[in-house]
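Asks: show me the folded form of this:
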Amino acid sequence: MAQVKETAVVYSQEELAPEIFSMWITTETAKEAKPGQFISVYSKDGSRLLPRPISICEADPEEGRLRIVYRIAGAGTKEFSSFESGDPIDIMGPLGNGFPQEGENVFLIGGGIGIPPMLELAKNLNCEKQMILGYRDGNLFLRDEFEAYGEVFVATEDGSAGTKGNVLDAIRENGLTADVMYACGPTPMLRALKQYAMEHNIRCYISLEEKMACGIGACLACVCQSSEVDHHSNVHNKRICKDGPVFLAQEVDL
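Replies: Residues are numbered from 1 along each chain as shown. Have a look, this model is predicted:
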């Protein structure tokens, strides 16, 4: 599908937890979207030229709708939270690569706002799944929806639900094992999971969170360090928006 800007339509929106919103969008993008990809969402304010990259949470190609779940993090996402059913919304997508789908017994791990993109993967993977979700507190957005696709384990920083601590604490406390790991979340979490996967011989795919500019790989604003020389820039870089956001963990340095 060509990467073109489209004026889509907001189908519905609701607040799942304080400052975390779920928006369904009617768009042609839904027919092409894959787990792990994202869309760029544009502000109506002309002073904010750059779009906001937001992961695809779910896609419904039959109905022509996709879902994003996002946290208010600035003026742009604050604006998006005010949109209502029927409002036009400018987007581009689907962008980036997606998660490969392999393994017989897998971990799906999401931390914070890295949780939403794991839901579409949970729907698509036809294997045994153990989903480990990390939250700050007891606002366990999307947990019930994940439970439709397998066993869910929760970790909270304040200990208000599940394991007190982080997602690795939940894995260890529950004695969980897997042959493939898929993860999305903040860099410190991904760094720890990469190390854990190496120690336990688990194939690990990570989706990186990064601020972006163009979203299509032209500006090099979202590069990360890579283990091999990138053919585009001829240095040890990977463009998260274009080469990612999903990488095999050993491809990138965190």
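
Asks: what's around residue 145, how many residues?
Replies: By the measure other CB atoms under 10 Å, the count of residues near residue 145 is 17. Any C-beta I mention is one placed from the backbone N, CA and C, and that applies to glycine too.

Asks: how about the helix or strand harbouring it: buried residues?
Replies: Using DSSP states H and E, residue 145 sits in helix 143-146. Neighbour counts over helix 143-146 (16 or more other CB atoms under 10 Å) mark 143, 145, 146 as buried.

Asks: do you know the pLDDT at the nearest residue to residue 78 once chain neighbours are set aside?
Replies: Counting by CB to CB, 6 or more residues apart in numbering, residue 72 is the residue found nearest to residue 78 once chain neighbours are left out, at 5.2 Å. For residue 72, the model assigns a pLDDT of 96.

Asks: quick one: residue 72 and residue 21 touch, right?
Replies: Yes - contact criterion CB atoms under 8 Å: residue 72 and residue 21 qualify, at 7.3 Å.

Asks: intersection of neighbour lists for those two?
Replies: residue 81 (CB atoms under 8 Å, 6 or more residues apart in numbering).

Asks: those two: which has the busier surroundings?
Replies: Neighbours per residue, other CB under 10 Å: of residue 72 and residue 21, the larger number sits with residue 21, 20 against 16.

Asks: over to the more buried one. Which of the three states is it?
Replies: strand (DSSP: H, G, I helix; E, B strand; the rest coil).

Asks: do you know how far it is from residue 68?
Replies: Using CB to CB, to the nearest Å, we find residue 21 at a distance of 8 Å from residue 68.

Asks: now residue 98
Replies: According to CB to CB, residue 98 and residue 68 sit 15 Å apart.

Asks: same check on residue 17?
Replies: According to CB to CB, residue 17 stands 15 Å off from residue 68.

Asks: and for residue 6?
Replies: Going from residue 6 to residue 68 by CB to CB gives 14 Å.

Asks: between those two, point out the one with more neighbours.
Replies: Set residue 6 next to residue 68 and count neighbours by other CB under 10 Å: residue 68 wins out with 25 against 14.

Asks: nearest residue to residue 70 other than its sequence neighbours?
Replies: Spatial nearest neighbour of residue 70, excluding adjacent residues (CB to CB, 6+ apart): residue 54 at 5.0 Å.

Asks: would you point out the helix or strand in the protein whose mean pLDDT is lowest?
Replies: Least confident helix or strand, the chain: strand 223-225 with a mean of 52, by mean pLDDT, DSSP states H and E.

Asks: check contacts around the residue nearest to residue 78.
Replies: Here residue 72 is in contact with 19, 20, 21, 78, 81 (criterion: CB under 8 Å, 6+ apart).

Asks: I'd like those residues written out as CSV, with distance to residue 130 and pLDDT added.
Replies: CSV is the format used below for the contacts of residue 72 (distance: CB to CB, whole Å; pLDDT from 0 to 100):
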residue, distance to residue 130, pLDDT
19, 29, 96
20, 24, 97
21, 28, 98
78, 35, 96
81, 32, 97
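
Asks: farthest-separated two in those residues?
Replies: Farthest pair in those (CB to CB) is 20 and 78. Separation: 12.6 Å.

Asks: surely residue 171 is in a strand?
Replies: No - going by three-state DSSP, the assignment for residue 171 is helix, not a strand.

Asks: that one: neighbour count?
Replies: Neighbourhood size, residue 171 [other CB under 10 Å]: 23.
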